[in-house]
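Asker: Compute the structure for the input listed below.
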Amino acid sequence: MKARLTSVVIYSLCFVLSFAQLKAQDIIIMRNGDEVQAKVEEVGQTEIKYKKFSNLEGPSYSVSKAQVFMIRYENGQRDVFEAPRPPANVQQAPSAPGGQPPGRISFTSSDIARARTAATIGYVAIAPVLGAAVGAAAADDGTAIGAAATVFFGVTLPIVAASGSKLRDKSGVLGSPGLRLAGWIGYGLTMADAIIAVGIGASELEVPDGTVIAIGVLGSASLAMIASEVMATANQSEALLSGKKISIGPTVGYYASRQGKYIPTIGVNIKFK
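Answerer: Purely as a prediction, here's the structure:
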């Protein structure tokens with residue numbers, strides 16, 4: 001039973017970390033509403049080159065920029081392309097900063113500040129979650145510590161995530177979908193593993209120390225992903241509100257090596273427009 005629980009937790013952690021890179025796909029949205037799941041290779045002056053996400057080792061394709069409305073990149077960033085100029089006798093409605101339709105922006109700088117505060121709380125919460133796991137593993141009976149940490153983690157992560165959700169609902173920004181989905185999957189797995197471990201401890205059975213620490217690591221990774229996603233959402237919202245030409249956010253993806261292998265990456269994306 002102990003070995004099986006340890007294996008489940010370790011597999012859960014590996015699954016969450018690998019899932020983030022599986023979402024590393026770009027979405028090309030055409031002006032007719034069609035969407036293409038792709039890996040964008042180059043955005044040129046008149047055309048966009050890409051590979052189909054379902055066949056990354058296959059041929060490259062190209063499409064005219066005039067046919068493309070927007071590219072949603074895997075890291076949450078996006079490029080919005082200007083529509084072809086209408087005839088001189090047709091007046092076009094003005095757009096809001098960042099290419100958003102008029103009236104789309106309905107948040108304030110206070111909403112952005114609250115999201116950044118929530119993201120900071122998420123980063124800070126990593127320490128007590130991981131510390132509680134280490135403390136529970138070191139204690140003779142860490143059931144009480146584990147139960148308290150489970151409640152703390154179970155409440156904190158949704159609160160942090162909610163602040164980013166409010167901004168996205170009000171602005172249409174994407175944040176970082178890969179980090180967000182991976183973080184929520186990690187949250188569910190952490191809660192399930194932690195509840196099982198607390199139940200075993202309450203039954204006066206011993207939970208392996210490695211299992212307890214692995215649960216803490218999985219929960220900490222989930223918090224880090226959600227906090228990073230909320231911070232990316234706040235940065236994108238600020239750029240949209242102020243019309244800035246630069247945006248900064250976390251990114252999870254991969255790149256193709258010269259040997260043809262795809263290597264996972266995680267880092268910071270700085271985009272100039």
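Asker: Packing partners of the helix or strand harbouring residue 49?
Answerer: For residue 49, the host element (DSSP states H and E) is strand 47-52. Under the contact definition 3 or more Cβ pairs under 8 Å, 6 or more residues apart in numbering; DSSP states H and E, strand 47-52 sits against strand 26-30, strand 35-43, strand 60-64. For glycine as for every other residue, the C-beta is placed from the backbone atoms N, C-alpha and C.
Asker: change it to 10 Å
Answerer: Applying 3 or more Cβ pairs under 10 Å, 6 or more residues apart in numbering; DSSP states H and E, we find strand 47-52 packed against strand 26-30, strand 35-43, strand 60-64, strand 68-72.
Asker: residues of it that come out buried?
Answerer: 47, 48, 50, 51 (16 or more other Cβ atoms under 10 Å).
Asker: Is it possible to get JSON lines of those residues that adds distance to residue 220?
Answerer: Output for these, formatted as JSON lines (distance: Cβ to Cβ, whole Å):
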{"residue": "47", "distance to residue 220": "44"}
{"residue": "48", "distance to residue 220": "38"}
{"residue": "50", "distance to residue 220": "36"}
{"residue": "51", "distance to residue 220": "35"}
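Asker: Which one of the residues you listed is nearest to residue 142?
Answerer: Among these, residue 51 lies closest to residue 142 (Cβ to Cβ), at 49.5 Å.
Asker: Leaving out the residues flanking it, which one is nearest to that closest one?
Answerer: residue 39 (4.9 Å; Cβ to Cβ, 6 or more residues apart in numbering).
Asker: Surely the one you found and residue 26 touch.
Answerer: Yes - applying Cβ atoms under 10 Å, one finds residue 39 in contact with residue 26, separated by 6.0 Å.
Asker: quick revisit: of all the helices and strands packed on strand 47-52, which one is nearest residue 150?
Answerer: Among the helices and strands packed on strand 47-52, strand 68-72 sits nearest to residue 150 (Cβ to Cβ), with 35.3 Å.
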